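Asks: generate coordinates for the sequence data below:
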Amino acid sequence: MAASHQSRSEPLPLTDVRELLRFYADAGVDEALLDEPVDRFAESHAATAARAPAAETNTASQTERWRRTEPAPAPRPAAPPTLSVPDEAQAARARDMAREAASLDELRAIVAGFDGCNLKFTAKQMVFADGNPQADLMLIGEAPGRDEDLEGLPFVGKSGRLLDRILGAIGIDRTSAYIANVIPWRPPGNRTPTPLETEICRPFIERQIELANPKVIMTLGGPAAKVVLHANEGVLRMRGNWKVHTTAAGLTIPAMPTLHPAYLLRNPAHKKLAWRDFLDVRAKLEELRG
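Replies: Residues are numbered from 1 along each chain as shown. Sure thing, here's the model as predicted:
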């Protein structure tokens, strides 16, 4: 509460002043009004305006300190090299190059130098074949996996060890069989090769079969059977039934489609089906040798 008084020409007696002050105190007056009004809002705005430049200066100083202490942004990684995109022209080129191979060694060199399939640029190395090229039995899978990509040989991982055990059970090992893949390079992340990638590599496996000239072919898994046998059925329907592969020269080779060893590892109950197929192959080889 505030009080005002009118200026007097004569001062009040001291006793009157004391009485007046006591009256004001009893009434709750604790501040005397000035003769002129004071705009407190203007004072508040002025104080705020005076603080603003100091705040901006502090903010600028903090920003400058952050800039000095903040680590420089990491450089962006370089863009990956542009890979060639496979097309029908590359498939035609592969057919022309495959026909030029007069031996398996020449075909291996041609495949190693072929750059028309983008899978070559993501794989560690080419996986051409393993075993005996003069063997009566040729086994063909779809594409290399991680272990095969590291070692450069087909069927060397867990599925390869299972294949070795099955072959051993019918009296065959890697020195008496020839093993290859439709695709000689591992697809990234073991993904399924695209139809165009498969068509680009098809001439190489067909020429490889023709040059190896086995008595019997076994395709391991549905994708290999579809390429080698031009089949459209699923492998579970095809397996156990003899098919024929016809070479470019017109030579016919009996072929048995069967389940891929990797599939058998995931579905061990179907090993008995693959075992029947391998027994049929052993009987066919004995018949042809007979």
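Asks: residue ranges with poor pLDDT in the protein?
Replies: Applying pLDDT under 70 to the chain flags residues 1-15, 17, 20, 24-38, 40, 44-45, 47-87.
Asks: longest strand in it, please.
Replies: Counting residues, the longest strand found in the chain (DSSP state E) is strand 252-258.
Asks: check contacts around the spatially most central residue of the chain.
Replies: Closest to where the C-alpha atoms of the chain average out (Cα atoms, centre = their mean) is Gly189, at 5.6 Å. For Gly189, the contact set (Cβ atoms under 8 Å, 6 or more residues apart in numbering) is empty. No exception for glycine: its C-beta is placed from N, CA and C like everyone else's.
Asks: how about the helices of this protein, start to end?
Replies: Taking DSSP state H as the test, the helices found in the chain are 14-27, 40-69, 88-100, 104-113, 146-151, 158-169, 195-212, 222-229, 235-238, 261-266, 271-289.
Asks: want to throw the ones you listed into TSV with distance to Ala255 and mean neighbour count?
Replies: Output for the helices of the chain, formatted as TSV (distance: least, Cβ to Cβ, whole Å; neighbours: other Cβ atoms under 10 Å):
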stretch	distance to Ala255	mean neighbour count
helix 14-27	118	11
helix 40-69	70	9
helix 88-100	20	16
helix 104-113	19	16
helix 146-151	22	18
helix 158-169	17	17
helix 195-212	10	21
helix 222-229	6	22
helix 235-238	10	16
helix 261-266	17	18
helix 271-289	10	15
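Asks: between those helices, which one is nearest to Leu119?
Replies: helix 195-212 (5.9 Å; Cβ to Cβ).
Asks: re earlier: who wins for proximity to Ile183 among the helices of the chain?
Replies: The nearest among those, by Cβ to Cβ, is helix 195-212 at 5.0 Å.
Asks: now do the closest one against helix 222-229, angle only.
Replies: On the basis of axes from the mean of the first three to the mean of the last three Cα atoms, to 10 degrees, helix 195-212 is oriented at 60 degrees to helix 222-229.
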